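A.B. asks: sequence unknown, structure follows:
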């Protein structure tokens, strides 16, 4: 069945450095959603991308959907401690979401 | 104050016992979901329901059961047949034709 591969599993950064997580699929994605889960918390919806080549920004977060709609990325500029958590991508199809495994953002002390 | 509530936050059970996790929403959403999350892992779908009195198995339904007698409520029973029940359980809902899923705070189940 459809799978969404997400990399890396973890990323350690110094506060102020950038962070990027990638989602890839072997088949065309109808859309891609991004969620953030804080440590000990629950996933919270960030955004949905639908169009080929779409780019959306939320403050320091930039979301991209590939031209072929087979990949997506989330880039955070100048990370802050409030960015700590796990970022998930997911493809919405019918009534289900197909989830990536998540990328955990860890800020080095 | 609209949202999804799950209770309890922490639950401890002995092996061999069935346990029911509560999920209630007052968002008037049609669709509801149950996910399991293991440490350092993504979300795996257990069951989902698109409408009252109807539900479908997800990827890991074995050892679990659900009911959807009311729009607001979607309880999950973890049966003794579930081999590794210790996990973080998340309930979610979605409006129709909404796009995003709204999650409850989760229940951490520990079975010893």
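C.D. replies: Perfect, thanks for sending it. Keep in mind that this is a model prediction, so the values were computed, not measured.

A.B. asks: how near is the one residue sitting closest to the centre of chain B to chain A?
C.D. replies: Centroid-nearest residue in chain B, with Cα atoms, centre = their mean: residue B:34, separated by 3.1 Å. Per Cβ to the nearest Cβ, to the nearest Å, residue B:34 is found 12 Å from chain A. The C-beta positions use only the backbone N, C-alpha and C, and glycine is treated the same way.

A.B. asks: buried sites along the one helix or strand that residue maps to?
C.D. replies: Using DSSP states H and E, residue B:34 sits within strand B:31-37. Residues of strand B:31-37 classed as buried: B:31, B:32, B:33, B:34, B:35, B:36, B:37 (neighbour count, 16 or more other Cβ atoms under 10 Å in any protein chain shown).

A.B. asks: isn't the third one right next to residue B:102, touching?
C.D. replies: Same thing as residue B:33. No - look at residue B:33 against residue B:102 with Cβ atoms under 8 Å: they stay out of range, at 10.0 Å.

A.B. asks: overlap in contacts of those two?
C.D. replies: Common contacts of residue B:33 and residue B:102 (Cβ atoms under 8 Å, 6 or more residues apart in numbering or on different chains): B:92, B:93, B:94.

A.B. asks: From those, list the ones also adjacent to chain A.
C.D. replies: The residues of the shared contacts of residue B:33 and residue B:102 that also fall near chain A, by Cβ under 8 Å from any Cβ of the partner chain, are residue B:94.

A.B. asks: The shared contacts of residue B:33 and residue B:102 into CSV, with extra columns for secondary structure?
C.D. replies: Formatted as CSV, the shared contacts of residue B:33 and residue B:102 follow (DSSP: H, G, I helix; E, B strand; the rest coil):
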residue, secondary structure
B:92, strand
B:93, strand
B:94, strand
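
A.B. asks: Name every strand pairing with the strand holding residue B:34 and say which way it goes.
C.D. replies: Counting by DSSP bridges, the strands paired with strand B:31-37 are strand B:43-51 (antiparallel), strand B:87-94 (antiparallel).
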